[in-house]
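Participant: Give me a model of this one.
(one chain, ligands or ions: 1)
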Amino acid sequence: MDTSVLFCGVKFSNPTVLASGILGVTASSLINVARHGAGGVTTKSVWYKEHAGHRNPVIVVGDHYMLNAVGLPDAGIEKTRVELPKLLKESPSPVIVSIVERSIADFEKIAEEVAKLKPPLIEVNISCPNVDDEFGKPFSCSTVEAGKVTRAVKKRVGKIPIIVKLSPNVTNIVEIARSVAHNGADAICAINTLGPGLMIDIEMRASVLSNGVGGISGPAIKPLAVRCVYDIHRATGLPIIGTGGVTTGRDAVEMMMAGATLVGVGTAVHYRGIDVFKKIIQEIEDWCKKNNVKMVKNLVGILDSRSMKNVKLVS
Ligand code: DHB
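Facilitator: The predicted model follows:
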């Protein structure tokens, strides 16, 4: 079966994409994920300068969810200049480079430097719940700031398409999506982690994570992610990487029906191992065969809108 999809002009052999910050600490670990069948791989978010992460414990597993506050550790652009060319050369699947910063001026700097290395796609992480911008909240929580970052990055990357990663932690994600679309985003990744959430060790009367709180991921957030993807797809028509709780092929089919062209896989690596990509692709194919869908790309946006007749866009 043809499992390929086209995303911003880049061909992916299948719609699964390793989400940012998962397994991808070095070039060789990302190459390994691509060799295990991921249709695409996203790097961890890179900073211009070296950035220390949080102390352990940074991840905790609950029932149907995980909390994490890794703190986006990164060695900075000099290390990226060494690692990224190797990754771009050797990865059998397209590489998405995730960038993060705290100010618009720094976003411009990292965007320009990363663009020089010519990745096929750049993801703009404006939505980490544990990293505030210079004004104390993620850029993705303000229509104005989200638009400004998008415009600034877009100006610095030449022809490389940019994917803006949005947060679910807003009253109206459609408003934010429209703002980034209006300011030059080529695609959207939805959603980043929810929250942050808090898990308490009740014997210790203390937070489990060293950071106190952490972003919520995993199966528990899937319905929220699917709804956000549906709303953004209807409102903007931009290509979307649907991310949030996708664990099985059925989850991937659901995300694509809502409007995602690619499907991000992160926490599921914890549940199903590195072969999760191959497993999900096989399950998508099995579902398509059983349901007479000839090509996987035909799943995108086919949710029957009549079943949504009473649901209005928030804006
Ligand atoms: C971290 C980054 C994220 O983008 C996120 O959603 C959750 C946690 C982090 O590294 O702390």
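Participant: make it CA atoms for all contacts and neighbour counts henceforth
Facilitator: Will do.
Participant: Pass me the low-pLDDT residue ranges in the stretch 101-250 of the chain, would you?
Facilitator: Along the stretch 101-250 of the chain, segments meeting pLDDT under 70 span 130-136.
Participant: need the contact list for the closest residue to the ligand within it.
Facilitator: Proximity of the stretch 101-250 of the chain to the ligand (Cα to the nearest ligand atom) peaks at Cys128, 3.6 Å away. By Cα atoms under 8 Å, 6 or more residues apart in numbering, Cys128 lies in contact with Pro138, Ser167, Asn192, Thr193, Gly215.
Participant: any idea which of those is closest to Thr42?
Facilitator: Set against Thr42, the nearest of the contacts of Cys128 by Cα to Cα is Asn192 (13.3 Å).
Participant: near the ligand, which residues of the chain?
Facilitator: By the rule Cα under 6 Å from any ligand atom, the part of the chain lying against the ligand is Asn68, Ala69, Val70, Gly71, Leu72, Cys128, Pro129, Asn130, Asn192, Thr193, Gly215.
Participant: Now tabulate those in a markdown table and tack on secondary structure.
Facilitator: Putting the residues of the chain next to the ligand into a markdown table (DSSP: H, G, I helix; E, B strand; the rest coil) gives the following:
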| residue | secondary structure |
| --- | --- |
| Asn68 | strand |
| Ala69 | coil |
| Val70 | coil |
| Gly71 | coil |
| Leu72 | coil |
| Cys128 | coil |
| Pro129 | coil |
| Asn130 | coil |
| Asn192 | coil |
| Thr193 | coil |
| Gly215 | strand |
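Participant: What is the nearest of those residues to Ile240?
Facilitator: Once Cα to Cα is applied, the member of the residues of the chain next to the ligand that ends up nearest Ile240 is Asn192, at 12.7 Å.
Participant: How many residues are close by that closest one?
Facilitator: Number of residues near Asn192 (other Cα atoms under 10 Å) recorded here: 25.
Participant: swap in Arg272?
Facilitator: Neighbours of Arg272 using other Cα under 10 Å come to 14.
Participant: per-residue pLDDT, it?
Facilitator: We note a pLDDT of 97 for Arg272 in this prediction.
Participant: ok now do the residue of the chain positioned farthest from its centre, which residues does it touch?
Facilitator: Computed with Cα atoms, centre = their mean, the residue of the chain farthest from its C-alpha average is Glu203, at 35.0 Å. Contact analysis of Glu203 by Cα under 8 Å, 6+ apart lists nothing.
Participant: could you measure it against Val153, distance?
Facilitator: 47 Å (Cα to Cα, to the nearest Å).
Participant: can you map out the strands along the stretch 51-200 of the chain?
Facilitator: Using DSSP state E, counting those that start in this stretch, the strands of the stretch 51-200 of the chain run over 59-62, 65-68, 95-99, 121-125, 162-166, 187-190, 194-197, 200-201.
Participant: Same list, those strands, but as JSON lines with distance to Gly24 and mean neighbour count please.
Facilitator: Shown next, in JSON lines, are the strands of the stretch 51-200 of the chain (distance: least, Cα to Cα, whole Å; neighbours: other Cα atoms under 10 Å):
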{"stretch": "strand 59-62", "distance to Gly24": "16", "mean neighbour count": "14"}
{"stretch": "strand 65-68", "distance to Gly24": "15", "mean neighbour count": "22"}
{"stretch": "strand 95-99", "distance to Gly24": "11", "mean neighbour count": "25"}
{"stretch": "strand 121-125", "distance to Gly24": "14", "mean neighbour count": "26"}
{"stretch": "strand 162-166", "distance to Gly24": "17", "mean neighbour count": "28"}
{"stretch": "strand 187-190", "distance to Gly24": "18", "mean neighbour count": "27"}
{"stretch": "strand 194-197", "distance to Gly24": "21", "mean neighbour count": "19"}
{"stretch": "strand 200-201", "distance to Gly24": "28", "mean neighbour count": "12"}
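Participant: Determine which of these approaches Leu224 most closely.
Facilitator: strand 194-197 (9.2 Å).
Participant: All the helices of the chain, residue numbers only.
Facilitator: 27-35, 77-90, 104-116, 143-156, 173-182, 222-236, 249-258, 268-272, 276-290 (DSSP state H).
Participant: could I get the contacts of Cys128 as JSON lines with distance to Lys118?
Facilitator: Formatted as JSON lines, the contacts of Cys128 follow (distance: Cα to Cα, whole Å):
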{"residue": "Pro138", "distance to Lys118": "27"}
{"residue": "Ser167", "distance to Lys118": "27"}
{"residue": "Asn192", "distance to Lys118": "25"}
{"residue": "Thr193", "distance to Lys118": "28"}
{"residue": "Gly215", "distance to Lys118": "30"}
